[in-house]
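[1] Here is a sequence with its predicted model. Questions after.
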Amino acid sequence: MSALQKYPRISDMVMPAARRLPAFVHAYLAAGTGQGQAMARNEAAYADIHLMPRFLRGRVTPDTHCSVFGKTYSAPFGVSPIGLQSLIWPGAEKILCRAAAEAGIPYTLSTVAGEDVETIGPISDGHGWFQLYAPNDHGVMRDLLARAKKAGFTTLVLTADVPGPSRREDMRLAGAPIGSRNPMSITPRVFWQCITHPAWSFAVLANGGKFRFKNLEPYSSASALANITDYIGSQLNGSLTWDYLDEIRKVWKGPMVLKGLLHDEDIDRAVGAGMDGLVLSNHGGRQLDAIPPSIHRLADIRARLGDDYTLMVDSGVRSGLDIARAIACGADFVLLGRAFMFGVAALGSQGGNHVVSVLRDELENTMVQLGIENLTELRKVQSR
Ligand SMILES: Cc1cc2nc3c(=O)[nH]c(=O)nc-3n(C[C@H](O)[C@H](O)[C@H](O)COP(=O)(O)O)c2cc1C
């Protein structure tokens with residue numbers, strides 16, 4: 001049976017992913033924060049958007065190509081940055097970066113990914129974006145950006161919406177060693193979860209048996225995981241300010257987008273500070289449980305900034321139909337986080353390609369049902 005028959009939607013990969021992952025790992029991927037209300041609202045907000053089809057136009061052949069910052073992509077979606085991807089599924093950075101490069105869509109590497117820019121940049125084949133959590137040490141920021149540029153990353157995604165750690169209660173309940181110096185300290189409970197999930201454990205062993213934050217290892221005095229974790233805690237903790245943003249803007253010469261703003265005044269200020277684009281995002285509902293769905297802010301912000309400003313959106317997107325909904329509401333481009341990781345956790349090395357084909361197929365089919373041929377027409381579809 002083909003993967004498309006067995007897992008025709010992203011939702012069909014959610015349970016297999018949950019079964020294959022130890023509970024503390026699954027909680028890291030799937031959890032929101034607090035009661036999980038922001039995360040639930042994100043998905044509900046998409047389900048509530050209606051699109052108005054037009055008929056009697058004959059059978060259309062949809063073209064999903066689009067251009068962002070002067071580069072053409074084969075479809076208007078890409079992979080959001082996910083920290084510690086290799087904890088969720090060993091080798092996930094390479095799996096997703098390869099799938100994105102083959103498909104001609106962007107892959108965003110997190111500052112706190114398991115792989116480093118030097119490994120992922122060459123695989124990205126010009127489709128790599130680099131996500132920065134601004135480090136307290138400005139010298140580290142400059143060095144990281146120089147390394148990313150040298151490795152071939154084209155676009156900088158600076159994350160604004162993590163002013164401090166989130167409580168992530170579901171992770172605590174699942175036994176994740178939150179607050180411990182070592183995110184993989186092996187409590188008896190974690191050990192039991194690992195041995196009862198052999199597919200994941202064998203994949204970890206095959207990948208070297210270690211979790212690493214490779215981008216950051218050069219800056220920590222010792223590379224042991226506990227030291228790196230302390231280092232991350234001291235460096236990446238709400239250090240971004242408007243002055244620091246100006247400094248980063250001067251250092252990064254290519255296209256730069258700010259991820260996570262939702263407030264009108266913040267948005268005006270970011271545009272004034274020379275951001276080439278914005279990713280409207282609420283971090284997948286992982287930080288503040290009362291935050292509005294980013295898709296609800298899109299129409300107003302589009303009206304505020306005009307048609308030509310590059311606006312992307314993420315948080316809650318689970319299908320090609322949702323991608324179409326976001327574009328009809330004013331987005332130029334859409335990013336997805338958990339959807340890609342559910343695919344990799346469920347299907348391993350085939351997961352990245354499979355998620356891309358599902359999303360592309362759903363998007364094209366949606367365009368056929370709407371009677372539109374390209375994304376310019378999709379932007380004009382009546383939505384409610
Ligand atoms: C497990 C996990 C780790 C994440 N790590 C990062 C990160 O390192 N940097 C970042 O900017 N956003 C991070 N995010 C947020 C995503 O980039 C993205 O905004 C979010 O996943 C979008 O929501 P969705 O999962 O509903 O698509 C993470 C999200 C998840 C689920």
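    Yep, it's here. Residues are numbered from 1 along each chain as shown.

[2] Against Arg286, how distant is Met171?
    Look at Met171 and Arg286: by C-beta to C-beta, to the nearest Å, they are 10 Å apart. The way it works is simple: take the backbone N, C-alpha and C, and place the C-beta from them, glycine included.

[3] Next: Pro90.
    Applying C-beta to C-beta, the value for Pro90 to Arg286 is 22 Å.

[4] With Val358 instead?
    From Val358 over to Arg286 the distance is 24 Å, taken as C-beta to C-beta.

[5] Please report phi then psi for whatever residue of the chain ends up closest to the ligand.
    At 2.2 Å from the ligand, Gly337 is the closest residue in the chain, using C-beta to the nearest ligand atom. Dihedral angles of Gly337 (phi, psi; degrees, to the nearest 10) stand at phi -100, psi -80.

[6] Next up, the contacts around it.
    Going by C-beta atoms under 8 Å, 6 or more residues apart in numbering, Gly337 touches Val79, Ser80, Pro81, Ile82, Gly284, Asp314, Ser315.

[7] Mind checking which of the residues you listed land in strands?
    Val79 (DSSP state E).

[8] and the contacts of Gly337 near the ligand, which?
    Filtering the contacts of Gly337 for proximity to the ligand by C-beta under 6 Å from any ligand atom leaves Ser80, Pro81, Ile82, Gly284, Asp314, Ser315.

[9] Quick one: those residues as JSON lines, columns for pLDDT and distance to Ala324 too.
    As requested, the ones next to the ligand among the contacts of Gly337 are exported to JSON lines (pLDDT from 0 to 100; distance: C-beta to C-beta, whole Å):
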{"residue": "Ser80", "pLDDT": "98", "distance to Ala324": "18"}
{"residue": "Pro81", "pLDDT": "98", "distance to Ala324": "23"}
{"residue": "Ile82", "pLDDT": "97", "distance to Ala324": "23"}
{"residue": "Gly284", "pLDDT": "98", "distance to Ala324": "20"}
{"residue": "Asp314", "pLDDT": "98", "distance to Ala324": "15"}
{"residue": "Ser315", "pLDDT": "98", "distance to Ala324": "16"}
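
[10] from those residues, which is closest to Gly104?
    Checking the ones next to the ligand among the contacts of Gly337 against Gly104 with C-beta to C-beta, the nearest one is Ser80 at 17.5 Å.

[11] residues touching that closest one, list them.
    By C-beta under 8 Å, 6+ apart, the neighbours of Ser80 are Thr108, Ser281, Gly284, Asp314, Leu335, Leu336, Gly337, Phe340.

[12] Just give me the closest of these to Lys250.
    For the contacts of Ser80, the minimum distance to Lys250 (C-beta to C-beta) is 22.0 Å, reached by Thr108.

[13] Now the closest one. Its backbone dihedrals?
    phi -110, psi 120.

[14] is it true that it touches Leu158?
    No: applying C-beta atoms under 8 Å, one finds Thr108 not in contact with Leu158, separated by 11.4 Å.

[15] Neighbour count: those two, which is higher?
    Using other C-beta atoms under 10 Å as the criterion, Thr108 and Leu158 rank with Thr108 on top: 29 against 25.

[16] Identify the bridge partners of the more buried one.
    Trp129 (DSSP bridges).

[17] measure it to Phe340 for me?
    Following C-beta to C-beta, the distance that separates Thr108 from Phe340 is 10 Å.

[18] Pull up the overlap in contacts between the two.
    Common contacts of Thr108 and Phe340 (C-beta under 8 Å, 6+ apart): Val79, Ser80.

[19] follow-up on the earlier one: wait, which of the ones next to the ligand among the contacts of Gly337 is closest to Ile327?
    Asp314 (13.1 Å).

[20] Now for the closest one: which residues touch it?
    Ser80, Lys259, Val279, Leu280, Ser281, Gly284, Ser294, Val334, Leu335, Leu336, Gly337.

[21] The protein against the ligand: which residues are in contact?
    Within the chain, the residues that sit near the ligand (C-beta under 6 Å from any ligand atom) are 28-29, 42, 80-83, 110, 112, 131, 159, 259, 281, 283-284, 286, 314-317, 336-339.

[22] Which secondary structure element is home to Glu43?
    Assigned by DSSP states H and E, Glu43 falls within helix 37-47.

[23] In that helix, which residues are buried?
    Ala38, Met39, Arg41, Asn42, Glu43, Ala45, Tyr46 (16 or more other C-beta atoms under 10 Å).

[24] again with stretch 81-94
    81-94.

[25] which outside residues touch it?
    21, 25, 28-29, 95-96, 108-115, 119-120, 123, 131, 157, 159, 183-184, 200, 203-204, 206-207, 211-213, 337, 340-341, 344-345, 348-349, 351.

[26] What separation do you get for the residue with the largest distance to the centre of the chain and Gln235?
    For the chain, the residue at maximal distance from the C-alpha centroid (C-alpha atoms, centre = their mean) is Leu56, at 38.0 Å. Leu56 sits 59 Å away from Gln235 when distances are taken as C-beta to C-beta.

[27] Show the contacting residues for Val140.
    Tyr219, Gln235.
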